[in-house]
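S.K.: Okay, structure incoming, though there's no sequence with it:
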Ligand SMILES: Nc1ncnc2c1ncn2[C@@H]1O[C@H](COP(=O)(O)OP(=O)(O)O)[C@@H](O)[C@H]1O
Ligand SMILES: Nc1ncnc2c1ncn2[C@H]1C[C@H](O)[C@@H](COP(=O)(O)OP(=O)(O)O)O1
Ligand SMILES: [Mg+2]
């Protein structure tokens, strides 16, 4: 699943997991868990995320790979949230893990994303949900992550979902895209 910060990826992933039982892996959640562990690596990651930048490719790909392997014997399939965030990440994923079958592109306007993130920041406790970091995350999204969508469009696996609608209406579209796989 791809989309800008605050587009609603996490919200939709939760609903997909409830309905379809896929294994949900969120690169952001994996990174925040490492930060919460208090490890030296976590401290370095925290500093990068607080600036709204991307953490090194190898770090995040290794985390995703390890999490996939840990669930391999029970998984009905994987739903990955927040990866790839740059074309290089997509290329490395295919080399080391495999090709995805669907890219759900959760699309919202930048104003919508900013207002959702500012609201989420009131309660999330996330170090990156503040005005300055949100602006940097959005800039980086348009620069580094949007090209990922074009990369997969070339392979015909992108389904664009309008995320300006209410959560359940967005989910109806997400469900249609997943059902079309079967
Ligand atoms: N369709 C929607 N309409 C209104 N608010 C939404 C919608 N989807 C998500 N939100 C809210 O917007 C914020 C960001 O959503 P989230 O799922 O965390 O996005 P992401 O994981 O893409 O950053 C959350 O506070 C969430 O409750
Ligand atoms: N695939 C990836 N590559 C590099 N950095 C990543 C990454 N996924 C997450 N991060 C880092 C940078 C992001 O700004 C931060 C938070 O990610 P996230 O939780 O997926 O954000 P959001 O759900 O708000 O879009 O973690
Ligand atoms: Mg999220």
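M.R.: Yep, that arrived. Nothing here was measured: the structure is a model prediction, and the numbers come from that model. Ligands and ions are numbered 1, 2, ... in the order given.
S.K.: Up against ligand 2, what does this structure have?
M.R.: Selection of the chain residues close to ligand 2 by Cβ under 6 Å from any ligand atom yields 5-6, 9-10, 27-28, 31, 49, 52, 54-55, 60, 82-83, 85, 89, 128, 137. All C-beta spots, glycine's among them, are computed from the backbone N, C-alpha and C.
S.K.: Could you restrict the residues you listed to the ones contacting ligand 1?
M.R.: Residues of these in contact with ligand 1 (Cβ under 6 Å from any ligand atom): 5, 6, 9, 10.
S.K.: residue contacts, the third one?
M.R.: The reference is to residue 9. The contact partners of residue 9, by Cβ atoms under 8 Å, 6 or more residues apart in numbering, come to 1, 2, 3, 81, 82, 106.
S.K.: Skipping adjacent residues, who's closest to the second one in space?
M.R.: Closest residue to residue 2 apart from its sequence neighbours, by Cβ to Cβ, 6 or more residues apart in numbering: residue 105 at 5.3 Å.
S.K.: doesn't the one you found fall inside a strand?
M.R.: Yes - judged by DSSP: H, G, I helix; E, B strand; the rest coil, residue 105 forms part of a strand.
S.K.: Hmm, it is touching residue 163, no?
M.R.: No - if you go by Cβ atoms under 8 Å, residue 105 and residue 163 don't touch, sitting 9.2 Å apart.
S.K.: Which phi and psi values does residue 76 adopt?
M.R.: phi -90, psi 0 (degrees, to the nearest 10).
S.K.: again, but for residue 26
M.R.: The phi/psi pair for residue 26 (degrees, to the nearest 10) is phi -110, psi 120.
S.K.: which residues in this protein form helices?
M.R.: Using DSSP state H, the helices of the chain run over residues 9-20, 27-36, 40-50, 57-71, 87-96, 110-124, 131-140, 146-153, 167-179.
S.K.: Reformat the ones you listed as JSON lines; add distance to ligand 3 and mean pLDDT.
M.R.: Converted to JSON lines, the helices of the chain look like this (distance: least, Cβ to the ion, whole Å; pLDDT from 0 to 100):
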{"stretch": "helix 9-20", "distance to ligand 3": "3", "mean pLDDT": "98"}
{"stretch": "helix 27-36", "distance to ligand 3": "5", "mean pLDDT": "97"}
{"stretch": "helix 40-50", "distance to ligand 3": "12", "mean pLDDT": "98"}
{"stretch": "helix 57-71", "distance to ligand 3": "14", "mean pLDDT": "97"}
{"stretch": "helix 87-96", "distance to ligand 3": "16", "mean pLDDT": "97"}
{"stretch": "helix 110-124", "distance to ligand 3": "9", "mean pLDDT": "98"}
{"stretch": "helix 131-140", "distance to ligand 3": "11", "mean pLDDT": "98"}
{"stretch": "helix 146-153", "distance to ligand 3": "16", "mean pLDDT": "97"}
{"stretch": "helix 167-179", "distance to ligand 3": "14", "mean pLDDT": "98"}
